[in-house]
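In: how would this look folded up:
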Amino acid sequence: MARVNALLREVLGEAVERLGDDEALGMLTITAVDCEPDLRRAVVYLSSLPDAAAAVLENHRVRLQHAVADEVRMKRTPQLVFRADPAVAAGARVEEVLRRVRQEEAESTE
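Out: Model (predicted):
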């Protein structure tokens, strides 16, 4: 499944890049893909997912699934679901906490 996920991530990254004429997709990065073992559904995690980008991706979902079907030989093509990557948000929270701790340490040594 790890190879399938990596392959889907690569194919979808290229397909989303080809959709790049829409400004809502400008800075999207596919961080991971998690495909179910039966290949019926694949969750595509993105670094961020603003509402405008979510709408554009949902409008192009069938087109992106077709790109997967054209480039990857699999028993079936999974239905794509787009979500913001929770790991990116957690990382941003950790960064903020570390930044505050550093700032408090700097203020206390002054």
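
In: Buried residues, stretch 53-67. List them.
Out: Across stretch 53-67, burial judged by 16 or more other CB atoms under 10 Å covers 53, 56-57, 60, 64-65, 67. In this view, the C-beta of every residue, glycine as well, is placed from N, C-alpha and C.

In: Need the residues that contact that stretch.
Out: 11-12, 14-16, 18-19, 22, 24-25, 28, 46, 49, 77-80, 82 (CB atoms under 8 Å, 6 or more residues apart in numbering).

In: Phi first, then psi, for residue 85.
Out: Recorded main-chain torsions at residue 85 are phi -70, psi 120, according to degrees, to the nearest 10.

In: Could you report the neighbour count for it?
Out: 19 (other CB atoms under 10 Å).

In: Roughly how far does the residue nearest the centre of the chain sit from residue 52?
Out: Central residue of the chain (CA atoms, centre = their mean): residue 46, 1.9 Å from the mean position. Residue 46 is 13 Å from residue 52, where distance means CB to CB, to the nearest Å.

In: For the helix of greatest length in the chain, which outside residues touch it?
Out: Scanning the chain for the helix with the most residues, using DSSP state H, yields helix 86-109. By CB under 8 Å, 6+ apart, the residues outside helix 86-109 that reach it are 31, 45, 47-48.

In: Now with 10 Å, please.
Out: Identification of contacts with helix 86-109 by CB atoms under 10 Å, 6 or more residues apart in numbering yields 29, 31-32, 45-49, 85.
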